[in-house]
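J.: This is a predicted model, with the sequence first.
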Amino acid sequence: MAFFEHLENLYFFELKNVPCFIEEFEFSRAVKHLAGVFEIISFILKGGLLSYFRNLLGSREMRILILGLDGAGKTTILYRLQVGEVVTTIPTIGFNVEQVTYKNLKFQVWDLGGQTSIRPYWRCYYSNTDAIIYVVDSADRDRIGISKDELIYMLGEEELQGAILVVLANKQDMAGCLSVAEVHQALGLDALKNRTFQIFKTSATKGEGLDQAMDWLSNALQSRK
């Protein structure tokens, strides 16, 4: 700014007795505006503008749906992410919605009930969804086929074509549960085309695997911008 102050003083010294259509006040204001322009250019060249927009985009609230059959651990996972501890829950009749901040991302997380009578209404919440967290009860061998059917049907919806998919093979701490590889195969994930997805082994009650899943999801969302 010292250069521009010197330029302004030089003008008044040289032109103070010379008639001019530009008033001194206007010239002074123009010089200050020019100084501002140079500061903006310097800001851009130093990467400040890119950093600003990166931070701005990073703070945008993402819409995340947590889906899966009843009893899979969806609500436990939601509150693990929000408060970092296990919260006593009851079966979700309808939905729970919470804001979750993870690193520099803000999520609006919708936990939808998984009972048979509620699943047809999942589609009412698909609009503008950025990502789906699909929770599977790895210990529920009898219903893994139903879990697959619901997943495939859901992913066929037009409104979810661009949504990133995270599959959580939950309850990995329980004896006799399916392994991650078995859940992957049972859900037919290898058949997914044009879909960004990943599967993780988790235990919602112990908090295991959730950080890895959220790290991957955060990176996937940021890479998509």
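T.: Looks like it came in fine.
J.: now the helices for this structure?
T.: 2-15, 24-45, 48-58, 74-83, 144-155, 180-186, 210-224 (DSSP state H).
J.: Output the shortest one as PDB, restricted to C-alpha atoms.
T.: Translated: helix 180-186. Extracted in PDB, the C-alpha atoms of helix 180-186 (Å, rounded to 0.1, in the frame of the first residue of the first chain):
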ATOM      1  CA  VAL A 180     -16.700 -59.000   5.000                       C
ATOM      2  CA  ALA A 181     -15.800 -61.100   1.900                       C
ATOM      3  CA  GLU A 182     -19.000 -63.200   2.500                       C
ATOM      4  CA  VAL A 183     -21.200 -60.100   2.800                       C
ATOM      5  CA  HIS A 184     -19.600 -58.600  -0.300                       C
ATOM      6  CA  GLN A 185     -20.400 -61.800  -2.300                       C
ATOM      7  CA  ALA A 186     -23.900 -62.200  -0.800                       C
END
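J.: who does that helix touch, helix- and strand-wise?
T.: Contacts defined by 3 or more Cβ pairs under 8 Å, 6 or more residues apart in numbering; DSSP states H and E place helix 180-186 against helix 144-155, strand 164-170, strand 197-201. C-beta: built from backbone N, CA, C; applies to glycine.
J.: for these, which one ends up most surrounded?
T.: Sort those by mean neighbour count, taking mean count of other Cβ atoms under 10 Å, and strand 164-170 sits at the top with a mean of 25.
J.: got a list of contacts for that one?
T.: With contact meaning Cβ atoms under 8 Å, 6 or more residues apart in numbering, strand 164-170 is reached by 72-73, 77, 130-138, 151, 155, 178-180, 183-184, 187, 189, 192, 195-204, 209-210, 213, 216-217, 220-221, 224.
J.: Is it possible to mark the buried ones in those residues?
T.: 72-73, 77, 130-138, 151, 155, 178, 180, 183-184, 187, 189, 196-197, 199-204, 209-210, 213, 216-217, 220-221 (16 or more other Cβ atoms under 10 Å).
J.: any idea how far the closest residue to A169 other than its chain neighbours lies from L221?
T.: Nearest in space to A169, with sequence neighbours left out and distances taken as Cβ to Cβ, 6 or more residues apart in numbering, is V183 at 4.2 Å. Separation of V183 from L221 (Cβ to Cβ, to the nearest Å): 23 Å.
J.: All good on my end, thank you.
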